[in-house]
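Asker: Provided below are the primary sequence and the corresponding predicted coordinates.
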Amino acid sequence: MSASAIRAQGLRRTFGEVVAVDGLDLDVAEGEIFGLVGPDGAGKTTTMRLLTGILTSTAGSAQVAGCDVARDAERLKDHIGYMSQRFGLYPDLTVAENIAFYADIYSVPTAGRAAKIDQLLGFSNLTPFRQRLAGNLSGGMKQKLGLACALIHTPRVLFLDEPTNGVDPVSRRDFWRILYQLVREGVTIFVSTAYLDEAERCNRLALLHQGRLLGVGSPDEIKTLMGGALLEVRTAAPRRTALLLRERLAGASVGLFGDRVHVVARDPVAAEAQIRALLAAAGFELLSLRPIQPSLEDVFVSVLAAHEPAAALQENVT
């Protein structure tokens, strides 16, 4: 079994009366992509900041890359890279100058530095843009530049806080290709994401809600957390259908996914009969009703349903 790159025991952080992270236990193996998934306000960024030594914990402990986060914060910086949601690129510096600036911050030796910068530019497909001002880059290119800056000192563990948020799908795919290459080179990646299709790409995941872990495991293991079968309902009025089923379908979790309504029910046969009766009574034309395999998004909505009003879930999960 691989050694632990990240380990947290009872990690807790409060801000006054607000509990942002509540007794977090994590164990991330070396060389894996570990995803942290949760709605806005779940505590993902606070967790990242605790594990990188930017914030001190209220209680508990954490070790990252063999360093105690509380006692060895300075030494820890040599072994980790951290790309926050608003990574500090300098728009009036060129691509190459930004990377060189971070090389200075991390005290990267001058010998071999130019070769390392060339390597990172090629690695992130930014070589043709090395003299372009960072402020003139597209969103996806800025994210790749931010990643290159975070890698200039060759970290063992890389923390990425929603790195593809607001980035177009093609750039997101390119970004993940780069992450896979980093893992092949032995880097451990701890990434938070608001995109549950991206979470499927991780080796393991942690579902976080209100600072607490709801489940940890591979994407397939997380899917077993769904307490029931999944039914897909299609009508000409999906929003009104979802509202009706949330109000009238007892003991089920209901989510709206585009023009389809997903219903998680412990007794799918009884639920199907009840759905048909409710829609007929409301005068909604039923286009289709069938069992389907759950996605991570379905599982996440289902698990969170016990913790917050179902109507609010679709506003929080992307």
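Answerer: Looks like it came in fine.
Asker: from now on I want contacts and neighbour counts done on CA atoms only, so please keep to that.
Answerer: Noted.
Asker: can I get the CA coordinates of stretch 92-109 in CSV?
Answerer: Only the C-alpha atoms of stretch 92-109 are listed here, as CSV (Å, rounded to 0.1, in the frame of the first residue of the first chain):
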residue,chain,number,x,y,z
ASP,A,92,1.5,43.2,-16.8
LEU,A,93,4.2,40.5,-16.9
THR,A,94,4.6,38.0,-19.7
VAL,A,95,4.0,34.3,-19.4
ALA,A,96,7.7,33.6,-19.0
GLU,A,97,8.2,36.5,-16.6
ASN,A,98,5.4,35.2,-14.3
ILE,A,99,7.0,31.8,-14.1
ALA,A,100,10.4,33.4,-13.4
PHE,A,101,8.8,35.5,-10.7
TYR,A,102,7.5,32.4,-8.9
ALA,A,103,10.9,30.8,-9.3
ASP,A,104,12.3,33.7,-7.3
ILE,A,105,9.6,33.3,-4.6
TYR,A,106,10.4,29.6,-4.2
SER,A,107,14.2,30.2,-4.4
VAL,A,108,14.6,27.9,-7.4
PRO,A,109,18.4,27.7,-8.1
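Asker: distance between that stretch and the chain's centre?
Answerer: From the chain centre to the centre of stretch 92-109 is a distance of 27 Å (CA atoms, centre = their mean, to the nearest Å).
Asker: before we move on, what about stretch 272-287?
Answerer: On CA atoms, centre = their mean, the centre of stretch 272-287 falls 36 Å from the chain's centre.
Asker: what residues sit buried inside that stretch?
Answerer: 272, 274-275, 278-279, 284, 286 (16 or more other CA atoms under 10 Å).
Asker: ok, stretch 172-185 next?
Answerer: Quick answer for stretch 172-185 (16+ other CA under 10 Å): 172, 175, 178-180, 182-183.
Asker: ok, now stretch 87-106?
Answerer: Buried, per 16+ other CA under 10 Å, within stretch 87-106: 87, 89, 93-103.
Asker: tell me the mean pLDDT for that stretch?
Answerer: Here stretch 87-106 scores 92 as its mean pLDDT.
Asker: contacts for that stretch next, please.
Answerer: 78, 113, 117, 126, 129-136, 145-146, 148-150, 152-153 (CA atoms under 8 Å, 6 or more residues apart in numbering).
Asker: returning to that earlier point: where's the dip in pLDDT among the buried residues of stretch 172-185?
Answerer: Out of those, that is R172, at 86.
Asker: compute the distance between the nearest residue to that residue once chain neighbours are set aside and E198, please.
Answerer: Using CA to CA, 6 or more residues apart in numbering and skipping the chain neighbours, the partner closest in space to R172 is T164 (5.8 Å). Applying CA to CA, to the nearest Å, the value for T164 to E198 is 9 Å.
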